[in-house]
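Undergrad: okay, structure incoming, though there's no sequence with it:
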């Protein structure tokens, strides 16, 4: 525990304790809400996809007054839009946003949001960084991210079932007056226990043991190289996809997951199924109204140059198999150039 | 998922869906509370140890009006005492109790509580069966146990991080009017997802995969043999301990865990440490005011005759090492007779 506590502070880039919870990421989102707010509190939820909607739904389930900031799926939130809402509603207590919106592959301007929200003494910024932390730079303290959450099964390369959450001093001040009932996710008791290298409840031991190992691998790689690797993998994926004649879905592509518009003549779900069945590559389709319209390629965590190259090749083959007019080899050629650093 | 869903109904002895949650057992207790009650609802909490206190604390954290039914640690609850409370308070909505109170090794009269609470149409019985289900008979439906919870790391022989919970029709009626806020543990959404062999959120996949295997082992053994094995292991442990001249702490000993009074001249914590350090057996001490006063021997889950015999032998050796006036061999002789069926 002592080792893992230090490693978590390192990857979160925070001096504050990072709490371990036996839950998946949505449990960490719940923890963020119940520890920071009271029923009736006004918050902004940035809704630019499935997980932004989850923030909003979860906050509403707890009786918060949620100002929905609807952003077209595929686009990043405009900081000005958040600023306007904050300026018009002096009583806003929190801004809920993703770092990477997994459903659309969008990366939001987290650093700028941090700068903005820091100017409002009564408002905190809560960042779901489940598919961002450990993949791309998330400077929790320096960027004034008051609550940051992540889960075990993305960058941290473990099975799902363990989540992590950090609270800034400003967020802890919120927690002192937050009246929402809580027990399982109670930050005060969890901090007390973790300070003694314990957990409030039975911990998800096997995952914590694994976490020590996966964070150890990341420490060996070092943060700059870790982020550079994912930047390169994402760049190669984008180059490969575009060279096949496909279009990216995200206007602000993340380094975690690349969302691609399915060619209009093909069903995105068929592409996903064919890649799985014939080439044994697991990618994922679109959610909700994007089902069949986009597909998403992951390059998070335990993933290297030639994994991505294989995925691009299999995608080229799949498109060919399904009758798309692509010239085989264009995608891998473009990806190879990026991977080699050209 | 489909396979595991069927296996869970089998081990819970229920026709109702058993929900899988990515949490430890205390998360399942939370789920029970938030899905069944509203703030201000009156419930009885049977407090006969650490985990009874947790029920009470957790219910209070959610604003329930808790009638504490304090039972001396080491004793089982008297059904008459529950009946008197129910008769005197017609508005009681729930009775919270353990099947086995892990901190004292006590088995509560769960079947009789079920008979009692069934007579009150507005009241449900919530049973924390974390250290009972899969070890000893728990007939969820036949005994009218409205909510039954367990966790992965006891009888189910897995690492911690997965919990299971069942709701009777009567409990589901409670859930329809229950106003406590909930999202992560919401029974309605969870039921909907699980009916499609999905989970509401990312599941704790590795543990669910393991569960299919461990429940498969239990199915092969069959329920009667599973319960008979634990009954025998518990009986052998009790016989061995008594033959060494020690006293059982529990007045209603469970088949899951045997609590033993430490000899007055010895510190229970020293016994625990010595067993670990010298003989590599992990047992556990007392909690709270019982720290140093008792120690507890586990015989749940993946545990057979000669595991228990080894533990008894190591305990005899430990007592001897620490200066207790026991005659080596008395414990194992007595345990061997029970294990052989005499």
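TA: Okay, I see it. Note that the coordinates shown come from a computational prediction; the quantities given were computed from them, not determined experimentally.
Undergrad: what does chain A have sitting close to chain B?
TA: Proximity of chain A to chain B (CB under 8 Å from any CB of the partner chain) is limited to residues A:22-27, A:30, A:39, A:57-58, A:61-63, A:151, A:153, A:159-162, A:180-184, A:186, A:201-207. Bear in mind the C-beta positions are built from the backbone N, C-alpha and C, glycine included.
Undergrad: how about a cut-off of 6 Å?
TA: A:22-24, A:26-27, A:30, A:58, A:61-63, A:159-161, A:181, A:183-184, A:201-202, A:204-206 (CB under 6 Å from any CB of the partner chain).
Undergrad: filter those residues down to the buried ones and express that as a ChimeraX selection.
TA: Restricted to buried positions by 16 or more other CB atoms under 10 Å in any protein chain shown, the ChimeraX selection for the residues of chain A next to chain B reads:
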select /A:22,23,24,26,27,30,58,61,62,159,160,161,181,183,184,201,202,204,205,206
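Undergrad: okay, the residue at minimal distance from the centre of chain A and chain B: tell me how far apart.
TA: Nearest to the mean C-alpha position of chain A, by CA atoms, centre = their mean, lies residue A:131 at 2.6 Å. For residue A:131, the distance to chain B equals 12 Å [CB to the nearest CB, to the nearest Å].
Undergrad: now that residue: phi and psi?
TA: phi -110, psi 30 (degrees, to the nearest 10).
Undergrad: hmm, it is touching residue A:102, no?
TA: Yes. Residue A:131 lies in contact with residue A:102 (CB atoms under 6 Å); the separation is 4.7 Å.
Undergrad: got a list of what residue A:206 touches?
TA: residue B:159 (CB atoms under 6 Å, 6 or more residues apart in numbering or on different chains).
Undergrad: looking at this, it is in a helix?
TA: Yes. The assignment for residue A:206 (DSSP: H, G, I helix; E, B strand; the rest coil) places it in a helix.
Undergrad: quick check, pLDDT for it.
TA: Residue A:206 is assigned 97 on the pLDDT scale.
Undergrad: what about it, distance to residue B:1?
TA: Distance of residue A:206 to residue B:1, given as CB to CB, to the nearest Å: 20 Å.
Undergrad: got it, and residue A:309?
TA: 34 Å.
Undergrad: which one's more surrounded, these two?
TA: residue A:309 (20 against 15; other CB atoms under 10 Å in any protein chain shown).
Undergrad: so what's the more buried one scoring on pLDDT?
TA: 97.
Undergrad: which SS state does it fall under?
TA: helix.
Undergrad: can you give me the distance of it to residue A:336?
TA: From residue A:309 to residue A:336 the distance is 7 Å (CB to CB).
Undergrad: residue A:157 now?
TA: Taken as CB to CB, the span from residue A:157 to residue A:336 is 25 Å.
Undergrad: same deal with residue A:88?
TA: 50 Å.
Undergrad: so for those two, which sits in the more crowded spot?
TA: Counting neighbours by other CB under 10 Å for residue A:88 and for residue A:336 shows that residue A:336 has the greater number, 17 against 9.
Undergrad: host element of that one?
TA: Per DSSP states H and E: residue A:336 is located in helix A:330-340.
Undergrad: hmm, who's touching that helix?
TA: Under CB under 6 Å, 6+ apart, the answer for helix A:330-340 is A:235, A:236, A:239, A:240, A:243, A:244, A:305, A:309, A:312, A:313, A:316.
Undergrad: now distance to residue B:190 too, for those, in TSV please.
TA: Shown next, in TSV, are those (distance: CB to CB, whole Å):
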residue	distance to residue B:190
A:235	40
A:236	39
A:239	42
A:240	39
A:243	44
A:244	40
A:305	40
A:309	40
A:312	38
A:313	40
A:316	40
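Undergrad: reformat the residues you listed as TSV; add secondary structure and distance to residue A:16.
TA: Compiled in TSV, the contacts of helix A:330-340 are given as follows (DSSP: H, G, I helix; E, B strand; the rest coil; distance: CB to CB, whole Å):
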residue	secondary structure	distance to residue A:16
A:235	helix	32
A:236	helix	35
A:239	helix	38
A:240	helix	39
A:243	helix	44
A:244	coil	44
A:305	helix	35
A:309	helix	39
A:312	helix	40
A:313	helix	44
A:316	helix	46
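Undergrad: neighbour-wise, which of those leads?
TA: Ranking the contacts of helix A:330-340 using other CB under 10 Å puts residue A:240 first, with 29 neighbours.
Undergrad: that one against residue A:312, yeah?
TA: Yes. Counting by CB under 6 Å, residue A:240 does reach residue A:312; the two are 3.8 Å apart.
Undergrad: tell me how far stretch A:15-27 lies from the chain's centre.
TA: 14 Å (CA atoms, centre = their mean, to the nearest Å).
Undergrad: mean confidence score for that stretch?
TA: 98.
Undergrad: same question, stretch A:132-142
TA: 98.
Undergrad: roughly how far does residue A:119 sit from chain B?
TA: Residue A:119 is 30 Å from chain B, where distance means CB to the nearest CB.
Undergrad: surely residue A:60 is in a helix?
TA: Yes. Counting by three-state DSSP, one finds residue A:60 located in a helix.
Undergrad: would you enumerate the residues in contact with the closest residue in space to it that isn't next to it in sequence?
TA: What sits nearest to residue A:60 in space, not counting adjacent residues and going by CB to CB, 6 or more residues apart in numbering or on different chains, is residue A:66, at 5.3 Å. Taking CB under 6 Å, 6+ apart, we find residue A:66 in contact with A:43, A:45, A:56, A:59, A:60.
Undergrad: excluding its own residues, what touches stretch A:308-326? List them.
TA: A:233, A:236-237, A:240, A:244-245, A:263, A:266, A:271, A:274-275, A:279, A:281, A:299, A:328, A:331-332, A:335.
Undergrad: can you give me the helices in the stretch 151-300 of chain A?
TA: Along the stretch 151-300 of chain A, counting by DSSP state H, counting those that start in this stretch, helices occupy A:169-177, A:187-195, A:205-221, A:223-243, A:268-279.
Undergrad: distance of residue A:243 from residue A:332?
TA: For residue A:243, the distance to residue A:332 - CB to CB - is 9 Å.
Undergrad: likewise residue A:110?
TA: Taking CB to CB, one finds residue A:110 at 32 Å from residue A:332.
Undergrad: quick check: phi and psi at the nearest residue to residue A:210 once chain neighbours are set aside.
TA: Excluding the flanking residues, the one nearest residue A:210 by CB to CB, 6+ apart is residue A:158, at 4.7 Å. Phi and psi for residue A:158, reported as degrees, to the nearest 10, are phi -120, psi 170.
Undergrad: residues in contact with residue A:158?
TA: Residue A:158 sits in contact with A:152, A:207, A:210, A:214, where contact means CB under 6 Å, 6+ apart.
Undergrad: now for those residues, which pair is the farthest apart?
TA: Pairwise distances across the contacts of residue A:158 (CB to CB) peak at 9.8 Å, for the pair A:207 and A:214.
Undergrad: the two: which has the busier surroundings?
TA: residue A:207 (26 against 20).
Undergrad: now do the same contact list for that one.
TA: A:152, A:158, A:161, A:162.
Undergrad: find the helix or strand that the nearest residue to residue A:41 once chain neighbours are set aside is a member of.
TA: The shortest distance from residue A:41 to any non-neighbouring residue, by CB to CB, 6+ apart, is to residue A:93 (4.5 Å). For residue A:93, the host element (DSSP H and E) is strand A:92-98.
Undergrad: the residue lying closest to residue A:117 once chain neighbours are set aside: how many residues sit nearby?
TA: Computed as CB to CB, 6+ apart, the closest residue to residue A:117 that is not its neighbour in sequence is residue A:125, at 4.1 Å. Per other CB under 10 Å, the neighbour tally for residue A:125 reads 27.
Undergrad: thought residue A:125 was touching residue A:118?
TA: No. Using CB under 6 Å, residue A:125 makes no contact with residue A:118, being 8.0 Å away.
Undergrad: now the nearest residue to residue A:246 once chain neighbours are set aside, which residues is it bridged with?
TA: Once flanking residues are discounted, residue A:246 sits nearest to residue A:260: 5.3 Å by CB to CB, 6+ apart. Residue A:260 forms beta bridges with residue A:248, residue A:295, as assigned by DSSP bridges.
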